[in-house]
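[1] no FASTA, just this:
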């Protein structure tokens, strides 16, 4: 399929859809300078993930986790949304997309202007922290004071263990968000996958659910994915330029 034909096909699918669910992975944020996880130079090639049970049970692992947060070692926060994020925000603003299901923890969909009600974060958010005991939200700058003093941050309300609001390896997936994503997948008429390798489950099951429920499935990702043969359209291209052309600012 030629690039021109593929782009025209994508334009037609977006035009015809009235209830789009956007599904985003690390690839949409690499254009903002945020590394992905598994490719050469990705996060997990530079450091080993800290498993949830180790974080909870070992003080040294909690200290290492907070070191990564406050030194920016993982590089997950502090960047600006790029053209891909802004195009997604325009789809939502114009009433074409009703849900943005994301595997990312970088808060860039919020920063691009997508309202919180439309964002479903499957793996949490690295831009703030929560207490694992009482659920109190903590801003990172507040916790930095304890870290800079040589302490491990703890909850101001109950003294419990505080962790960035991300879903770590070994930590249960968030029930509410999983139900919301399942509902979005079953009720959308187009599932638009942007920048996901579609190898991490259970998140990668949602495009399958959408397709089986009657939706069209489009995958825009630089590399091949396991679901390419299942999709109605696959584009191996850069997200920002393609989505800007599909959803222009004056459209």
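    Yep, it's here. Note that this is a predicted model, so its numbers are computed, not measured. Numbers count the residues shown, from 1 in each chain.

[2] which intervals of the stretch 151-251 of the chain have sub-threshold pLDDT?
    Regions of the stretch 151-251 of the chain meeting the criterion pLDDT under 70 cover residues 251.

[3] All the helices of it, residue numbers only.
    All helices of the stretch 151-251 of the chain, identified by DSSP state H, counting those that start in this stretch, fall at 175-187, 205-212, 239-246.

[4] Tell me how far the longest one lies from the chain's centre.
    Just to be clear, that refers to helix 175-187. Once both centres are worked out by Cα atoms, centre = their mean, to the nearest Å, helix 175-187 turns out to sit 15 Å from its chain's centre.

[5] What is it packed up against?
    strand 97-102, strand 119-121, helix 205-212 (3 or more Cβ pairs under 8 Å, 6 or more residues apart in numbering; DSSP states H and E). Glycine gets a C-beta too; all of them are placed from N, C-alpha and C.

[6] Would you convert the ones you listed into CSV that also reports distance to residue 85?
    What follows is the helices and strands packed on helix 175-187, written out as CSV (distance: least, Cβ to Cβ, whole Å):
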stretch, distance to residue 85
strand 97-102, 10
strand 119-121, 11
helix 205-212, 19
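
[7] Most tightly packed of those?
    Ranked by average neighbour count under the criterion mean count of other Cβ atoms under 10 Å, the helices and strands packed on helix 175-187 are headed by strand 97-102 at a mean of 26.

[8] now for that strand, which elements pack on it?
    Strand 97-102 makes packing contacts with strand 20-24, helix 83-93, strand 119-121, helix 175-187 when contacts are defined by 3+ Cβ pairs under 8 Å, 6+ apart.

[9] Now do the contacts for residue 176.
    Taking Cβ atoms under 8 Å, 6 or more residues apart in numbering as the criterion, residue 176 is in contact with no other residue.

[10] these two touch, right, residue 18 and residue 188?
    No. Under the criterion of Cβ atoms under 8 Å, residue 18 lies out of contact with residue 188, with a separation of 9.6 Å.
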